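Enquirer: Here is the input, now give the coordinates:
(2 chains)
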Number of protein chains: 2
Amino acid sequence: MARTGRRPGNQDTREAILNAARQAFAERGFDGASIRHIATSAGVDPALVHHYFGAKDQLFLAAMDAPIDPGEILPQVFEPGLDGVGERLVRTFLSVWDSPAGTPVVALVRSAMQHDWSARMLREFLVSQILRRATRALNLDPAEAPTRAALVASQIIGLAMLRYVLKVEPLASMTPEQVVRNVAPTVQHYLADPLP
Amino acid sequence: MARTGRRPGNQDTREAILNAARQAFAERGFDGASIRHIATSAGVDPALVHHYFGAKDQLFLAAMDAPIDPGEILPQVFEPGLDGVGERLVRTFLSVWDSPAGTPVVALVRSAMQHDWSARMLREFLVSQILRRATRALNLDPAEAPTRAALVASQIIGLAMLRYVLKVEPLASMTPEQVVRNVAPTVQHYLADPLP
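Expert: Here you go, the predicted structure:
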């Protein structure tokens, strides 16, 4: 759960790259944005983007100010397979949100709702960094995977809103394990049961 | 689904009352705020508050700029009882959100996330105008009702975020009936099945 990499470098150049990246990811989506295009917009060489930020995933996390790299915590959720995945997923999200890293994560989701471009960034984040990993690791039927993933995301994001932003009781004060017992069956159902 | 009442009256006085009401509801909650206290803060007679806005529920809806009065649409959802309530609830929410009234409702939920006071207002709205009605009309066990209602709200608000704000596919493009088939069983489960 380390913070996404912040390597030293010229601050102005870094900021120019990050601004170009935010614009590109919001306008073209994660798949449509290219390092080459972002480098051109920022007026730098693509090699410098790689040097500062690594691969496109890492650049995206830096552009979103993501306090956590889903690639570090999601394998333990998905790799054991469908059996018990609902419990593991809800427990893992709660462990992040209830940790010191949770405050910026909730702030990020909250602020992403406010502008169309930031909502698009959050959507791209969900799809490219979380839902796609789930689809691959769980070997979901590609025809059903987007529906399953979107349903899971609706429950998980709604849970975060109720527990951390709106603070509706008793969800706000439940222990993580109480939340897991209540919500994990829904996530398990969306991922593992036949779709209607 | 009429807009909440806007009676004629002195605009400055109306605005003063609404501002006092927003502050009172955000600070004291729906139950703690009183018409008498709001009238005093606004420097008017309580009778004038009643004259302009009616009962406390109506004043609250006006203070929230609510485009819809839940009291007009929720009886059809809850009064037939637990059987099929999940379907009726999801279908009714979608019919509001997908209607012309839906844009301001989604904007309201979206902007409510942005400040602590507006998040508190939305929480009070959920609890006093929606969850409490559900508890009463469905005759839920008072010991379990808040948990059931908060779980339902987490799924419904998450659905609104994914479908209308983040626009994650395929949820964003599904027909209302497809959404109902996918999400209603979760709402039904939270309201009617034994809690863990």
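Enquirer: Need the residues that contact the helix or strand bottoming out on mean pLDDT in chain A.
Expert: Least confident helix or strand of chain A, by mean pLDDT, DSSP states H and E, is helix A:102-112 with a mean of 79. Among residues not part of helix A:102-112, those counted as contacts by Cβ atoms under 8 Å, 6 or more residues apart in numbering or on different chains are A:64-68, A:96-97, A:118-119, A:121-122, A:157, A:160-161, A:164-165, B:113-114, B:166. C-beta here means a position set from N, CA and C on the backbone, and glycine is covered the same way.
Enquirer: Pull out the buried residues from those residues.
Expert: Among the contacts of helix A:102-112, those classed as buried by 16 or more other Cβ atoms under 10 Å in any protein chain shown are A:64, A:66-68, A:96-97, A:118-119, A:121-122, A:157, A:160-161, A:164-165, B:113, B:166.
Enquirer: Which of the residues you listed fall in helices?
Expert: Among the buried ones among the contacts of helix A:102-112, the members found in helices (DSSP state H) are A:Val96, A:Trp97, A:Ser118, A:Ala119, A:Met121, A:Leu122, A:Ile157, A:Ala160.
Enquirer: pLDDT for the residues you listed - can I get that in TSV?
Expert: Putting those into TSV (pLDDT from 0 to 100) gives the following:
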residue	pLDDT
A:Val96	89
A:Trp97	89
A:Ser118	82
A:Ala119	84
A:Met121	84
A:Leu122	85
A:Ile157	92
A:Ala160	92
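Enquirer: And the pLDDT at the closest residue to chain B within chain A?
Expert: Nearest to chain B, among the residues of chain A, is A:Gly158, at 2.2 Å (Cβ to the nearest Cβ). pLDDT, A:Gly158: 95.
Enquirer: That one: what's it in contact with?
Expert: B:Ala153, B:Ser154, B:Gln155, B:Ile156, B:Ile157, B:Gly158, B:Leu159, B:Met161.
Enquirer: Next secondary structure after the helix or strand where the third one lies?
Expert: Taking DSSP states H and E as the criterion, the element that holds B:Gln155 is helix B:145-160. Using DSSP H and E, the next helix or strand after helix B:145-160 towards the C-terminus is helix B:176-192.
Enquirer: Kindly calculate the angle that the least confident helix or strand of chain A makes with helix A:145-160.
Expert: Helix A:102-112 runs at 110 degrees relative to helix A:145-160, counting by axes from the mean of the first three to the mean of the last three Cα atoms, to 10 degrees.
Enquirer: Show me which residues of helix A:102-112 are buried.
Expert: Quick answer for helix A:102-112 (16+ other Cβ under 10 Å): A:Gly102, A:Val105, A:Val106, A:Leu108, A:Val109, A:Arg110, A:Ala112.
Enquirer: now swap in stretch A:48-56 and tell me
Expert: A:Leu48, A:Val49, A:Tyr52, A:Phe53, A:Lys56.
Enquirer: tell me what the helix or strand hosting the first one is packed against?
Expert: So that's A:Leu48. A:Leu48 belongs to helix A:46-53 when elements are defined using DSSP H and E. If you count contacts as 3 or more Cβ pairs under 8 Å, 6 or more residues apart in numbering or on different chains; DSSP states H and E, helix A:46-53 packs onto helix A:11-32, helix A:35-42, helix A:56-63.
Enquirer: Could you rerun that using 6 Å?
Expert: Applying 3 or more Cβ pairs under 6 Å, 6 or more residues apart in numbering or on different chains; DSSP states H and E, we find helix A:46-53 packed against helix A:35-42.
Enquirer: Next to chain B, which bits of chain A? Give me the list.
Expert: Counting by Cβ under 6 Å from any Cβ of the partner chain, the positions of chain A adjacent to chain B are A:110, A:113-114, A:119, A:122-123, A:146-147, A:150-151, A:153-155, A:157-159, A:161-162, A:165-166, A:168, A:170-171, A:181-182, A:186, A:196.
Enquirer: thinking again about what came up before, now find how far off-centre the least confident helix or strand of chain A is within its chain.
Expert: With Cα atoms, centre = their mean, to the nearest Å as the basis, helix A:102-112 stands 11 Å off its chain's centre.
Enquirer: CA atoms only for it, dumped as PDB, please.
Expert: Provided in PDB are the C-alpha atoms of helix A:102-112 (Å, rounded to 0.1, in the frame of the first residue of the first chain):
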ATOM      1  CA  GLY A 102      -8.600   6.000   3.300                       C
ATOM      2  CA  THR A 103      -9.200   9.700   3.800                       C
ATOM      3  CA  PRO A 104      -7.600  10.800   0.500                       C
ATOM      4  CA  VAL A 105      -9.300   7.900  -1.300                       C
ATOM      5  CA  VAL A 106     -12.800   9.000  -0.100                       C
ATOM      6  CA  ALA A 107     -11.900  12.600  -0.900                       C
ATOM      7  CA  LEU A 108     -10.900  11.500  -4.400                       C
ATOM      8  CA  VAL A 109     -14.200   9.700  -5.000                       C
ATOM      9  CA  ARG A 110     -16.100  12.600  -3.500                       C
ATOM     10  CA  SER A 111     -14.400  15.200  -5.600                       C
ATOM     11  CA  ALA A 112     -14.600  13.100  -8.700                       C
END
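Enquirer: mind listing what A:Ala63 touches?
Expert: A:Leu18, A:Ala21, A:Arg22 (Cβ atoms under 6 Å, 6 or more residues apart in numbering or on different chains).
Enquirer: one more time with 7 Å
Expert: A:Leu18, A:Ala21, A:Arg22, A:Phe25 (Cβ atoms under 7 Å, 6 or more residues apart in numbering or on different chains).
Enquirer: Over to A:Ala21?
Expert: The contact partners of A:Ala21, by Cβ under 7 Å, 6+ apart, come to A:Ile38, A:Leu59, A:Ala63.
Enquirer: ok, for it, nearest residue in space, not its chain neighbours?
Expert: Closest residue to A:Ala21 apart from its sequence neighbours, by Cβ to Cβ, 6 or more residues apart in numbering or on different chains: A:Ala63 at 4.1 Å.
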